[in-house]
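Asks: No sequence on hand, only this structure:
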């Protein structure tokens, strides 16, 4: 099993593996190109983001600058908006639904280092996928941690640290992020 396959299987893996390092180098080049396209050249930006991410739905806007680890592990649905300084730490899979709005400075993280000190010193880590449902709004400065699912129609308040799943139709805020009320979407 390759290190990439291990990472997708949520097994301990070595991110310094030559294949993964080469993939990150390709992503760094694509990110440099994307982040240096004139902001008003929407056609070139759209073409570049489709080259960078694994799947991009219709009517998607990703503001510059953007950072991602691989790009190809991220899938976004239709009517997606990611504001400036988005960080997609996509060593594992990130799946984002339709009609999702993400504010400035949001980090979505799929990787975590090993807890065992010897493994951590060796640089080993795990990935856990992040899934964001349809019609979600993630406010400024939110950090979404590995393995989290955010349910459809939910709103995550500014500055929150999402370490556990958030059910559908909820307003959740804080560090750690907690549901403070249900959202009535009738």
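Replies: Perfect, I can see it now. Keep in mind that what you see is a predicted model, and the values were worked out from it rather than measured. Residues are numbered from 1 along each chain as shown.

Asks: Poorly predicted segments of the protein, please.
Replies: 186 (pLDDT under 70).

Asks: and if we set it to 50?
Replies: Residues of the chain meeting the criterion pLDDT under 50: none.

Asks: quick one, helices of it?
Replies: Along the chain, the segments classed as helices by DSSP state H run 3-8, 18-35, 42-52, 117-121.

Asks: Deepest-packed of those helices, please.
Replies: With neighbours defined as mean count of other C-beta atoms under 10 Å, the helices of the chain peak in mean count at helix 3-8, which reaches a mean of 18. In short, each C-beta sits where N, CA and C put it, glycine included.

Asks: So which elements touch it?
Replies: Contacts defined by 3 or more C-beta pairs under 8 Å, 6 or more residues apart in numbering; DSSP states H and E place helix 3-8 against helix 18-35, strand 125-127.

Asks: Against which helices or strands is the last one packed?
Replies: Pointing back at strand 125-127 there. With contacts defined as 3+ C-beta pairs under 8 Å, 6+ apart, strand 125-127 has these neighbours: helix 3-8, strand 111-113.

Asks: change it to 7 Å
Replies: Strand 125-127 sits against strand 111-113, with contacts defined as 3 or more C-beta pairs under 7 Å, 6 or more residues apart in numbering; DSSP states H and E.

Asks: Just give me how far the strand it packs on sits from the chain centre.
Replies: 14 Å (C-alpha atoms, centre = their mean, to the nearest Å).

Asks: Same list, the helices and strands packed on helix 3-8, but as TSV with distance to residue 71 please.
Replies: Output for these, formatted as TSV (distance: least, C-beta to C-beta, whole Å):
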stretch	distance to residue 71
helix 18-35	5
strand 125-127	15
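
Asks: among those, which is nearest residue 61?
Replies: helix 18-35 (12.8 Å; C-beta to C-beta).

Asks: re the thing from before, could the helices of the chain go into JSON lines alongside distance to residue 163?
Replies: JSON lines is the format used below for the helices of the chain (distance: least, C-beta to C-beta, whole Å):
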{"stretch": "helix 3-8", "distance to residue 163": "21"}
{"stretch": "helix 18-35", "distance to residue 163": "26"}
{"stretch": "helix 42-52", "distance to residue 163": "28"}
{"stretch": "helix 117-121", "distance to residue 163": "19"}
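
Asks: Residue 130 is nearest to which of the ones you listed?
Replies: helix 3-8 (13.4 Å).

Asks: Identify whichever of the helices of the chain lies nearest to residue 95.
Replies: Taking C-beta to C-beta, helix 3-8 is the member of the helices of the chain nearest to residue 95, at 12.7 Å.

Asks: who's in contact with residue 99?
Replies: Residue 99 sits next to 79, 134, 135 when contact means C-beta atoms under 7 Å, 6 or more residues apart in numbering.

Asks: out of those residues, which are inside strands?
Replies: Nothing among these maps onto strands, per DSSP state E.

Asks: Can I get the residues you listed in a markdown table including distance to residue 116?
Replies: A markdown table is the format used below for the contacts of residue 99 (distance: C-beta to C-beta, whole Å):
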| residue | distance to residue 116 |
| --- | --- |
| 79 | 42 |
| 134 | 38 |
| 135 | 40 |
